[in-house]
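Chemist: Everything below, folded, please.
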Amino acid sequence: MRADAARNLEAVLTTGARMLALDPAASIGAIAAEAGVDRRTVYRRFASREDLLAAIYDSRLSAVEDVVRAARFTETAVPVALHRYAEGIIEVNRAWPVELTRMRAEPSIQDRRNRLTAEVDTFLRRATDEGFLRADLPEGWASRLLVQLLHLASREDMDAPRAADLLVGTFLGGVGAR
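Modeler: So this is what the prediction gives:
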């Protein structure tokens, strides 16, 4: 893909994610105009609105996969891996603000999502085994809490590293072993 075509595609996808998060009825034409491309350019790449949404979901999920890899859950100290993960996910949430309920319902991405969820859950079990998280919490509590803290931190008006600092401090201090 030519560099300008790749830039246009990225602009369409990120603009589409942002606009559809604000207005699920946003038109392809409006997304194209906001992205600075012709509507025909979008339709050449995506036959339908559903195809565009699927590409947005795929791009968000690819970004999450990159974050999980970069966090290095198995070989990095728990607080460091947690911070890398939190900072990366905050950035992904800000760049790809898609409506997650619809994304979760998309069958083409379920296996990838389930695999990522399992990796995070395995990391949280490691954090518990190493004494960073309490072992007496209900099953899945730390995971659900982490998801909620990620959403909150993503909406904070601060840069991603600082928001990740706040999240990690809250997470480990709030559910951390005492």
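
Chemist: List the buried residues in stretch 49-56.
Modeler: 49, 52-56 (16 or more other C-beta atoms under 10 Å). Quick note: C-beta positions are derived from backbone N, CA and C, even for glycine.

Chemist: if we look at that stretch, which residues are touching it?
Modeler: Counting contacts by C-beta atoms under 8 Å, 6 or more residues apart in numbering, the residues outside stretch 49-56 that touch it are 12-13, 16-17, 20, 28, 31, 42, 45-46, 96, 98, 102, 106, 108.

Chemist: since we're on the residue lying closest to residue 82 once chain neighbours are set aside, how many residues are nearby?
Modeler: In space, residue 82 comes closest to residue 168 once its chain neighbours are excluded; the distance is 5.4 Å by C-beta to C-beta, 6 or more residues apart in numbering. Residues lying near residue 168 (other C-beta atoms under 10 Å) number 22.

Chemist: Is it correct that residue 168 is in contact with residue 83?
Modeler: Yes: in this structure, residue 168 sits in contact with residue 83. The criterion is C-beta atoms under 8 Å, and the distance is 5.0 Å.

Chemist: dump the residue contacts of residue 6.
Modeler: For residue 6, counting by C-beta under 8 Å, 6+ apart, there are no contacting residues.

Chemist: helix/strand/coil for it?
Modeler: In terms of secondary structure, residue 6 is helix; the call rests on DSSP: H, G, I helix; E, B strand; the rest coil.

Chemist: mind checking how far it is from residue 70?
Modeler: To residue 70, residue 6 is 21 Å away according to C-beta to C-beta, to the nearest Å.

Chemist: what about the helices in this structure?
Modeler: Taking DSSP state H, the helices of the chain run over residues 3-22, 28-35, 39-45, 49-71, 78-95, 100-105, 110-129, 141-155, 160-175.
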